[in-house]
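>>> A predicted structure for the sequence below; I have some questions about it.
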Amino acid sequence: SELQESAPSTLAIITQSENAAMVETANMPKNRRKIEEFMKTLMIYATHSAPVALTMFYSLPRANKQIIGASVRFAEVVAPCWKNNSAGSRLIGQAEKTITAQGVFLDYENNVRNVKEIPRRITDKDGRTFNDDMVMTTGKAALSIAYREAILKGGVPMALWSPSYEEAKLTAVGKAMSHTQRVDAA
């Protein structure tokens, strides 16, 4: 059989040139990421105030215990502090009982692409499909989770964001001074 060559679409050409420009810009010496700067800026953002720090993590009851983890709000702070990256999420499928979101993290400086797919059930405990509003709400939750996972689980190294996350938890419960309090004290 004969192979047919297809011309790249205009959108594909634009996307390719945008990505090339981002890689080139990210790898200019003045634009390179500085780990110390990342950690300092993230600490300031994550611990800005007790109300802000409270949004940096979530707590869910599961099987008679609390699951605590970094929130999508924390991921939204980590990504811009990391610099030279892009992140996003999109819905990629819906089956009879699930909806699936995909989170994507591109690190232009390190040439790393991290993709996480998150399926979420769209049926109740009796197997009945949710109404349209609940399917939409579940889809939004899946998008947030996929976005967070792409950034925090394989995108930006945990060893680098973990100190700010732990300090944010302490700030939220009043066991550490917020950034604002530290500035006022100084």
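That came in fine, so what should we check first? Numbering: from 1, shown residues only.
>>> and for Glu37, the neighbour number?
For Glu37, the count of nearby residues is 11 (other C-beta atoms under 10 Å). (Each C-beta comes from the backbone N, C-alpha and C, glycine too.)
>>> so how far is Trp82 from it?
10 Å (C-beta to C-beta, to the nearest Å).
>>> and what of Asp124?
Summarising the geometry, the distance separating Asp124 from Trp82, computed by C-beta to C-beta, is 39 Å.
>>> comparing the two, which shows the higher neighbour count?
Comparing Asp124 with Trp82 by other C-beta under 10 Å, the one with more neighbours is Trp82, at 23 against 10.
>>> which helix in the protein runs the most residues?
As assigned by DSSP state H, the longest helix anywhere in the chain is helix 132-152.
>>> go through the helix or strand Arg90 falls within and flag the buried ones.
Under the criterion of DSSP states H and E, Arg90 resides in strand 85-94. Buried positions in strand 85-94, judged by neighbour count with 16 or more other C-beta atoms under 10 Å: Asn85, Ala87, Ser89.
>>> helices and strands around it, which ones?
With contacts taken as 3 or more C-beta pairs under 8 Å, 6 or more residues apart in numbering; DSSP states H and E, strand 85-94 sits against helix 72-82, strand 98-107, helix 132-152.
>>> 6 Å instead, please
Here strand 85-94 touches strand 98-107, helix 132-152, going by 3 or more C-beta pairs under 6 Å, 6 or more residues apart in numbering; DSSP states H and E.
>>> what number of residues are in the vicinity of the residue nearest to Leu60 when sequence neighbours are not counted?
Of all residues beyond its chain neighbours, the one nearest Leu60 is Ile67 (4.8 Å), with distances taken as C-beta to C-beta, 6 or more residues apart in numbering. Ile67 is flanked by 10 other residues according to other C-beta under 10 Å.
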